[in-house]
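Engineer: from the sequence below, what's the structure:
(3 chains)
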Amino acid sequence: MTTTVPERPAKPTSPRSQSQFGVAWSQFRKNRLAKIGGFMLILLYTLALFAPFIAPDGLSNYSTSNITRFHPPTPIHIRDPQTGGLTRPFVYQYGQQLNMDTFVNEYKPTETRCPIFFGVRGDEYRVLGLFPGTLHLFGTGAENPNCKVYLFGGEALGRDLFTRTIYASQISLTIGVGAVLISTVIGLLMGAMAAFFGGIADTLIMRFVEVLAAIPSLFLLILLRSVFPQDINPIFALYMILGLLAFIGWGGLARVVRGQMMSVREQDFVSAAQALGAGNGRIMWRHMLPTMTTYIIVTLSLSIPGYILLESGLSFLGIGAVEPYVSWGGLLSQAQEGGFASITQRPWVLIPGFFIVFTVMCYQLLGDGLRDAFDPRKRQ
Amino acid sequence: MIPFLLRRLVQSIPTLLLASLLIFFVIQLAPGDFLTPAKLNPNISSEQLAALERNFGLDRPAWQQYLLWMGNMFKGDFGLSFQYQQPVLDIIWPRILNSLYLAVMSLVLFYSIAIPLGVYGAVRQNSPGDNAINVVLYFLLGFPSFFLALIVIYFILQLRNATGLDIPIGGMTSNNFDELPVFGQMLDVLKHLIIPALVLAISDAAGLTRVIRGQMLEVMRSDYVRTARAKGVSERTAIWKHTFRNAILPIVAGIGGLLPALISGVGFLEVVFAYPGITPMLLTAIGTQDLYLIAGFTVITTVLLIVGNVISDILLAVVDPRVKVA
Amino acid sequence: MKKALFVALALAATSASAAPFVYPAAWTAEQNTANKRGGELRLSILSDFKTINPFTSAEADSIPNTMAGGAGLFAQDPRNDEFLPHMADAKPVVSNGGKRFVVKIRQGMKFSDGQAITADDWITTWKIHADDKVGSNSYDSFFLNGKPITIKKLDNYTLQFDFPQVSAGAYATMSFTPWPDHVFGKAYREGGAEAVKKLWTLGTSPSQIVSPGMWVLESFRAGERSVFAKNSNWGEWNKDSRGNALPYLDKLSYRVLGDANAGLAAFLAGQIDTVGMRNADDLAQTKRAIDAGNLKATLLPNVSPQAQSSWITFNWNKASDPAKQKLFRDVRFRRAMSHIANRKAMVDLALGGLGVETYFSVYPIFTQQIAAGASAPKYTYNLAQASKLLAQIGYTKKNAQGYLVDKAGKVLEFNLSTNAGNTTREQLGRIFADEAKKVGVKVNFTPIDFNNLVGQLTSKGEDRPFDAILLGLSGGDNIWPFGVNVTPCGANLHSYNNPTNGKCLTSQESLMTKLYYQGDAELDDAKRRAIGGQLMKAEGELQPVIYLVGGNYHVAYNERIGGEYPRALMNAYYLQREQALTFVK
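Structural biologist: A predicted model of the protein is given here:
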């Protein structure tokens, strides 16, 4: 019950898909919320793509001598406190001490100022694993390594949370895409086949769905993880595993598609096509599946956030992304582990949680807009 | 109808056999077993480990364990839990019951939130109110439930401190539960149920709200509603009697699918609220690889899933006369 | 002759009078001088109780262990770790070179159902525990190196224990809880092990449960709460220093709070009386609540180190990769790894500044043993020294990425795993890997599934499937704080070297094995600790396992309860209080 259950698809429209998409697009543009959702998603994916460039620091950089555990966010100053005039943006370096009375690492700004540069050289990285670079959008440079800008504060080891959040978006935003594609395609085909052929095919497919639903997926996950060799990249393994889970995760979709298609099958235009002597394949591909266009688009846009939430649940159970890599869910479950301290002492560690909330919301708004746009009877 | 039910009953036998096979071997093949943690105990010798393995039957080949389990299951015996040394059904039954209270409570709240909001969204399509409900519900939908629960518990704690009210933080009963009269006991449980049930209902309401809104829109523009309006029935009748009744039909048809969810509990929320439902027990069982406990519970949910699907198929045919029960 | 007779008469006289056991006044910081009685001590547990049956129970927090409180022949005195006669009437008579103990049982003791506690109860309990068909968790404690300990009933109130060899842990072994012969003995004689296993499951009505200790089960609600009532028969032979019957409390209750945050919330809301303080965050939250006036509680931070360890072990049995095997077997490499472990940063970052650095298998809480091994070598954080040692092995050059390479150009690297989901261990591993990178050692650190990890760690053979593992252990006692399945060669947690034949590889291992058994058979505390000191020295030199850090134990309890230990007696081993002396103010 975590994602929107997509509603019944549109009743068949004429297969002039060109103009259908045209109409849908113009409808979509009228929906402000959907446009905002879509725009924000594009922004988020761009951030993820250029994460190493946008992040001021490396994925797992921290100092063992200069403790920055749960460093508070550093405000960026643009006025010189003495003269009051505008200056290059800067942050103060902070000093830290563990207060043995309150058990909190207390941070106080020192006098040292660190100017923020744009397009600064810093930690080495590769965009998409291909293009090497050292340029960062902003940062404090290498002059004083102990003085950094912490937009979102620091996490448990003192690593920059903004950097980690941006890097985490790479995993969180893409983890579900492959799995969703796989399960949608299989679910659609199986559901359509069951509905169209009926009889034995229907029985076999639907009973198979029931068998698949019985598999304890958490165990399958643990089992699959143990099968992968240990020196393989753990993130690659995670993607593979979720992809494999998709092979058993199409049952619900297939049932819905079957139900829908069974209604469609009884409709006049299908009977007409049959009467005109159209073959099975043609009826299925040309007449029945196109009625599912809306449904497919909407399912796609609504299942991906489902996987984002699923991954966060896995992180909560300790089987998500592993050190030094991290996902939003992983960052959030670390905050969860801190309990109330995360809320009262260091609320900034909850920020990754709001990235999840925000992304899921954007996907829902977009999916909603698409659904309304493709459905002729919901147009205004 | 009767031949349909009979056919499904016959079909369910190979389905269940295959399912049980998969359940058993997926759990069995996962690394380690119930005794793995004992291997890390500095005080347990390898001789004792071997003895324990014999006692639990874990030294036998997997297929023998499976056949034994399967055979016993036909006699209604789901096996013994390793952790509890007690029959599986005795252990899961009280917890399923607890989960059922919470699930039913939250379902009631869920429908009573989602239906009015969905209808409102359709009647006032794209109004500021519709959009606001949209955004708020989608916002809540995005919270992983464990995160939402932590925030809720934190605020209850603050509220307790601020008001001095005895708002329950977790669990299902108060300390003095056993001394309360029957009516007081019911009230006590209800008091504990309401917060987790509400959290769950609100955070999931987005899905159903949108479905109802969409269905309402679809039906509202159909010819017969237009005819009804033209005849001059009141707006209220047009919406509730003519539109709503037809709009919720597909949802009614899907009710069968809720069956396994009713006993599977409400997930992480039970853990965070320290609720004595099925989830905390299952997670412990998964953590300790309590083979028969997990397998037994999964078999039960699979049976319920099959039953639920049969109900759904019947309802689908009832709702949509074009579809025949086949 | 006359003198001997006099002694015998005196003994008979004391046993007839059946003097009660008196809890020393020094065991609590707050005397219950007003003799406040009644009330409930409210505690919490992380997972549901699994059984009531003491013979199938496998967990430390369990119903039988709660009922067993205050029911053993001897009880350890937290002031000096010595054993006092508790259910025993007096110290045992030792003979046969320290292998035979004759123990007089205190007379007049009764189970909660009123039946007398006699020698038969011990005999039955021992027989059932030692039957491998029962699968009791205490099975091992009735064997020494595979040879059984035997117990004989001399008369209704006299037991004779015969150990196959001298054992330092004899008093602890003899202090097992006697369960009623009229319940278990009967079933065992009639139906054997299977009949015993069927008794006292969670489905059994609490009214049928019989307890020898201070608590007896009153009610049980699955997944929610268990309540214990005081056993007033126990109070007849257990008194406080003013002669009042114990315990003062009427009830003890456990609430199941599976999520640690829910446990803290319940404590902060005053719903439970004490909760484990996991870390600095818990302390900070409790402190906040106290300062804000929302909670009246006592908070004692850093009471002692925890009774647990964390370490990295290197696999010496890698036949498939001779280069790595040679590396891991090289003591200079392991010393270098100890020099790399930045224990201070680990304490500061992973433990929030509240912890201690550790260098030995002995938990830092066992201070007497640690003091006895003070001369053992420590290889503290020193990257320069690590580089020097690695250069001696042949790693002098670095490649373009800054990693050390050997003559053939092969990078110095290994895999390190820990169990996924344990944040502290993941952070320890991260810090270790990042420090290693500074000297040019490439550590591929990956958290993996717990069961998988344990499978690798406890595997036997010439080619075991891991490079290095970061994990921790807990458990063990303060009498001989070395693990029977850790220290000797061939034991299943002898994690660094576990070939098929179980043979030692180095002279230090052989020495450690020898010293382990020597210490285990030494009854004199000081001498035993001296042996332990030698063992620590061998262990320090060999560095088979790199010990990292340990967290601290903190105490927090609601002000409404009194009777805690004096501050000097509290620690992670004896915990915060005697339940018998606890009272509600």
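Engineer: number of nearby residues for A:G318?
Structural biologist: Number of residues near A:G318 (other C-beta atoms under 10 Å in any protein chain shown) recorded here: 18. Backbone N, C-alpha and C define where each C-beta goes, glycine included.
Engineer: would you quantify the distance from the residue lying closest to C:F432 once chain neighbours are set aside to A:I67?
Structural biologist: Residue nearest to C:F432 in three dimensions, not counting chain neighbours: C:A341, with 5.9 Å by C-beta to C-beta, 6 or more residues apart in numbering or on different chains. Plainly put, C:A341 is 17 Å away from A:I67 if you go by C-beta to C-beta, to the nearest Å.
Engineer: again with A:N233
Structural biologist: Between A:N233 and A:I67 the distance, using C-beta to C-beta, works out to 30 Å.
Engineer: which one of these two has more residues nearby?
Structural biologist: Neighbour totals were compared for A:N233 and A:I67, and A:I67 leads with 21 against 11 (other C-beta under 10 Å).
Engineer: mind listing what the more buried one touches?
Structural biologist: With contact taken as C-beta atoms under 8 Å, 6 or more residues apart in numbering or on different chains, A:I67 is in contact with A:96, A:105, A:158, C:348-349.
Engineer: let me have those residues in CSV, extended by distance to chain B, secondary structure and neighbour count.
Structural biologist: Output for the contacts of A:I67, formatted as CSV (distance: C-beta to the nearest C-beta, whole Å; DSSP: H, G, I helix; E, B strand; the rest coil; neighbours: other C-beta atoms under 10 Å in any protein chain shown):
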residue, distance to chain B, secondary structure, neighbour count
A:Q96, 26, strand, 16
A:N105, 21, strand, 24
A:G158, 23, coil, 24
C:D348, 26, helix, 23
C:L349, 23, helix, 23
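Engineer: need those residues in a markdown table (columns: pLDDT).
Structural biologist: Listed next are those as a markdown table, based on pLDDT from 0 to 100:
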| residue | pLDDT |
| --- | --- |
| A:Q96 | 88 |
| A:N105 | 88 |
| A:G158 | 91 |
| C:D348 | 92 |
| C:L349 | 92 |
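Engineer: okay, among the residues you listed, which ones form the most distant pair?
Structural biologist: Pairwise distances across those peak at 11.5 Å for A:Q96 and C:L349 (criterion: C-beta to C-beta).
Engineer: which neighbours do these two share?
Structural biologist: With C-beta under 8 Å, 6+ apart as the test, A:Q96 and C:L349 both reach A:67, A:69.
Engineer: contact partners for A:G313?
Structural biologist: Neighbours of A:G313 in contact, by C-beta under 8 Å, 6+ apart: A:329, B:144, B:146, B:268.
Engineer: buried among those? Make that a ChimeraX selection.
Structural biologist: To isolate the buried members of the contacts of A:G313 in ChimeraX, using 16 or more other C-beta atoms under 10 Å in any protein chain shown:
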select /A:329 /B:144,146,268
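Engineer: which residue packs closest to the closest residue to chain B within the stretch 151-300 of chain C, ignoring adjacent ones?
Structural biologist: With C-beta to the nearest C-beta, the shortest gap between the stretch 151-300 of chain C and chain B falls at C:G223, namely 2.8 Å. Using C-beta to C-beta, 6+ apart and skipping residues adjacent in sequence, the residue nearest C:G223 is B:P276, 2.8 Å away.
Engineer: now B:Q11
Structural biologist: That would be A:R207: by C-beta to C-beta, 6+ apart, it lies 5.7 Å from B:Q11.
Engineer: flag the shaky bits of the chain, pLDDT-wise.
Structural biologist: Picked chain A for this. A:1-20, A:230-231, A:294, A:376-380 (pLDDT under 70).
Engineer: my bad, chain C
Structural biologist: In chain C, residues with pLDDT under 70: C:1-18.
Engineer: repeat for chain B
Structural biologist: B:40-44, B:250, B:253, B:265, B:320-326.
Engineer: geometric centre of it: which residue is closest?
Structural biologist: For chain B, the residue nearest the mean C-alpha position is B:A261 (2.7 Å; C-alpha atoms, centre = their mean).
Engineer: what residues are up against the residue nearest to C:G223?
Structural biologist: So B:P276 contacts B:95, B:98, B:171-172, C:48, C:221-224, C:256 (C-beta under 8 Å, 6+ apart).
Engineer: recalculate using a threshold of 10 Å.
Structural biologist: B:P276 sits next to B:94-95, B:97-99, B:102, B:170-173, B:270, C:48, C:221-225, C:256, C:258 when contact means C-beta atoms under 10 Å, 6 or more residues apart in numbering or on different chains.
Engineer: do the same with B:T284
Structural biologist: B:83, B:271, B:290, B:293, C:46-48, C:50, C:258.
Engineer: contact partners for C:I52?
Structural biologist: Neighbours of C:I52 in contact, by C-beta under 10 Å, 6+ apart: C:62-64, C:67, C:199-204, C:206, C:208-209, C:217, C:220, C:226.
Engineer: among those, name the ones in strands.
Structural biologist: C:217, C:220, C:226 (DSSP state E).
Engineer: need the residues you listed in JSON lines with neighbour count, can you?
Structural biologist: Formatted as JSON lines, those follow (neighbours: other C-beta atoms under 10 Å in any protein chain shown):
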{"residue": "C:L217", "neighbour count": "25"}
{"residue": "C:F220", "neighbour count": "21"}
{"residue": "C:S226", "neighbour count": "24"}
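Engineer: residues contacting the residue nearest to C:V454 when sequence neighbours are not counted?
Structural biologist: Leaving aside its sequence neighbours, C:V454 sits nearest to B:T36 (C-beta to C-beta, 6+ apart; 5.0 Å). Residues near B:T36 by C-beta under 10 Å, 6+ apart: B:288-289, C:450-455, C:458.
Engineer: check for me that C:L300 belongs to a strand.
Structural biologist: Yes. Under DSSP: H, G, I helix; E, B strand; the rest coil, C:L300 sits within a strand.
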